[in-house]
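Student: Structure of the sequence below:
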Amino acid sequence: MRYFNTIRFLQIYRCLFSHCISLATFYTCDRFLPLGRYGVDFFFVISGFLISLKLFQLKDDINQRTLSVRKAFLHFFTKRAFRIFPLYYFVLFFATAFNPGEIRGSFFWNLTYITNFHQLDLQEWIGITHFWSLSVEEHFYLLYPLVILLVKRKTAFISMLLIAAISIMFRSNEIIEYQDTMSAYIHTISCMDLFMYGGLLAYSYHYFKDSFQHVFSSIIFRFEVLVILLILFIVLCQGWQNDWFEWVVQRSIIGIFFAAIIASSVIGIDGIFGRILSHRWLIRGGQMSYAIYLIHNFVPGLLMPIKQLELHFLLEFLIYLIVTITISYLLHQFIETPIRKRSKKLIPYPRKR
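Tutor: Presented below is the predicted three-dimensional model:
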């Protein structure tokens with residue numbers, strides 16, 4: 001899993017580019033190829049994979065009676081809280097203090113991680129708009145352990161399939177019955193199949209590692225991934241999608257494709273491409289991905305005076321990128337990293353001796 005941080009950074013870069021070009025009205029490629037949306041969906045899939053692996057480990061210890069269910073839940077939620085809350089609430093309180101308008105008005109919703117439902121209620125992007133995805137992630141963290149830790153292994157597998165199916169049907173209903181693309185995008189249920197693709201991948205990796213290695217390291221599999229990518233590209237270029245196709249079928253296919261990318265990275269990537277993905281700068285960028293995502297939508301507001309200079313878009317994006325990464329580095333270095341190191345000492349893995 002050595003490439004995960006690099007993949008995170010590449011997906012974060014897509015979000016940065018997407019939100020930056022949305023500021024330049026003469027650039028319309030984001031409407032043609034929604035990079036930001038795909039970046040968020042990828043993070044849902046990778047979260048499903050990584051969180052599932054952690055829960056499967058806890059579940060194995062519960063089954064072996066080396067860990068109680070209560071301690072498993074306590075360990076999982078405490079680790080998640082230390083990982084997510086400190087930086088999230090630091091950025092939230094800072095942004096709220098300096099913005100008396102929409103951000104302060106949506107403070108309660110951001111505070112309680114129900115930003116996506118607030119935006120659905122208003123049917124518009126308001127306040128800290130990108131926090132909707134963090135709300136969905138938090139809902140996943142709160143509910144998903146119940147699916148994995150409290151049921152038998154086979155039941156957990158069936159439950160993941162059922163959740164994915166319900167999510168797809170929910171998106172389909174939102175489009176067919178209500179023509180509500182926003183709900184099909186940011187409602188918690190609408191996103192759950194993406195987490196399950198990662199979860200099902202983690203299930204096969206954890207419990208059937210030999211078969212996983214055999215299938216996902218084969219030339220045939222990698223060829224199939226390239227074919228799927230080509231089909232997706234053709235579909236996007238030809239504009240074959242209507243709302244139902246885009247939000248139901250296409251989103252599901254792309255989620256499965258992202259799971260295939262994760263599988264390839266777990267197996268390992270040889271040659272020059274593998275060496276590029278292992279570059280320390282890219283790995284470092286992936287380690288800062290959470291901080292980058294939290295603050296990237298605030299940076300355009302800080303750079304509004306630069307917009308008035310009417311610089312070339314690429315130069316403007318370069319400035320945006322440098323400022324975003326610099327602020328993210330400071331947050332990661334002086335807030336996120338010290339807290340994570342401290343949490344490892346405070347919350348050791350709870351095994352009986």
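
Student: wait, what's in contact with the residue nearest the centre of the chain?
Tutor: Centroid-nearest residue in the chain: Phe43, 2.0 Å away (criterion: Cα atoms, centre = their mean). The contact partners of Phe43, taken as Cβ atoms under 8 Å, 6 or more residues apart in numbering, are 8, 11, 133, 137, 293. Where C-beta positions appear, they are placed from N, C-alpha and C, glycine not excepted.

Student: where's the fourth one, which helix or strand?
Tutor: Secondary-structure element containing Glu137, defined by DSSP states H and E: helix 131-149.

Student: following that helix, which helix or strand shows up next?
Tutor: Later in the chain than helix 131-149, the nearest helix or strand by DSSP H and E is helix 153-178.

Student: buried sites along whichever helix or strand comes after that next one?
Tutor: Per DSSP H and E, the first helix or strand lying C-terminal to helix 153-178 is helix 181-186. Within helix 181-186, the residues scored as buried using 16 or more other Cβ atoms under 10 Å are 182-186.

Student: Show me the helices in the stretch 1-150 of the chain, by range?
Tutor: 4-21, 29-32, 35-63, 69-98, 102-105, 107-111, 115-122, 131-149 (DSSP state H, counting those that start in this stretch).

Student: Which among the ones you listed is found nearest to Phe317?
Tutor: The closest of these to Phe317 is helix 4-21. By Cβ to Cβ, the value is 5.1 Å.

Student: related to what we said a few turns ago, between the contacts of Phe43, which sits nearest Asp210?
Tutor: Arg8 (27.5 Å).

Student: what sits against that closest one?
Tutor: Arg8 neighbours (Cβ under 8 Å, 6+ apart): 43, 46, 285-286, 289.

Student: could you redo the last one with a cut-off of 6 Å?
Tutor: The contact partners of Arg8, taken as Cβ atoms under 6 Å, 6 or more residues apart in numbering, are 286, 289.

Student: And it, how far from Leu282?
Tutor: Per Cβ to Cβ, to the nearest Å, Arg8 is found 9 Å from Leu282.

Student: Same check on Val147?
Tutor: Counting by Cβ to Cβ, the gap from Val147 to Leu282 is 33 Å.

Student: One more: Val151?
Tutor: Using Cβ to Cβ, one gets 38 Å for the distance from Val151 to Leu282.

Student: Next, Asn297: phi, psi?
Tutor: Reported as degrees, to the nearest 10, the phi and psi values for Asn297 are phi -80, psi -10.

Student: Run a quick neighbour tally on it.
Tutor: Neighbour count of Asn297, defined by other Cβ atoms under 10 Å: 18.

Student: and the helix or strand where Ile322 lies, how far from the chain's centre?
Tutor: For Ile322, the host element (DSSP H and E) is helix 313-331. From the chain centre to the centre of helix 313-331 is a distance of 21 Å (Cα atoms, centre = their mean, to the nearest Å).

Student: Output the contacting helices and strands for that helix.
Tutor: Applying 3 or more Cβ pairs under 6 Å, 6 or more residues apart in numbering; DSSP states H and E, one finds that helix 313-331 contacts helix 289-295, helix 299-302.

Student: Could you rerun that using 7 Å?
Tutor: Judged by 3 or more Cβ pairs under 7 Å, 6 or more residues apart in numbering; DSSP states H and E, the packing partners of helix 313-331 are helix 4-21, helix 289-295, helix 299-302.

Student: List the contacts of the helix or strand that comes right after the last one.
Tutor: On the C-terminal side of helix 299-302, the nearest following helix or strand under DSSP H and E is helix 304-307. Defining contact as Cβ atoms under 7 Å, 6 or more residues apart in numbering, one finds that helix 304-307 is touched by 316, 319.

Student: coming back round to it: any chance of the contacts of Phe43 in a markdown table, with pLDDT and distance to Glu310 too?
Tutor: As requested, the contacts of Phe43 are arranged in a markdown table below (pLDDT from 0 to 100; distance: Cβ to Cβ, whole Å):
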| residue | pLDDT | distance to Glu310 |
| --- | --- | --- |
| Arg8 | 81 | 33 |
| Gln11 | 76 | 30 |
| Ser133 | 95 | 32 |
| Glu137 | 97 | 38 |
| Tyr293 | 93 | 28 |
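
Student: So for Val151 and Leu282, which sits in the more crowded spot?
Tutor: The neighbour comparison of Val151 against Leu282 (other Cβ under 10 Å) goes to Leu282, with 19 against 14.

Student: The more buried one reaches Ile7, doesn't it?
Tutor: No: when contacts are counted by Cβ atoms under 7 Å, Leu282 is not listed as touching Ile7 (9.0 Å).

Student: Around Phe77, how many other residues sit close by?
Tutor: Phe77: 13 neighbours (other Cβ under 10 Å).

Student: what do you get for Asn99?
Tutor: Asn99: 17 neighbours (other Cβ under 10 Å).

Student: circling back: gap between the residue nearest to the centre of the chain and Ser159?
Tutor: Distance, Phe43 to Ser159, by Cβ to Cβ: 22 Å.

Student: What number of neighbouring residues does the nearest residue to Phe73 once chain neighbours are set aside come out with?
Tutor: Leaving aside its chain neighbours, Phe73 sits nearest to Pro145 (6.3 Å; criterion: Cβ to Cβ, 6 or more residues apart in numbering). Neighbourhood size, Pro145 [other Cβ under 10 Å]: 21.
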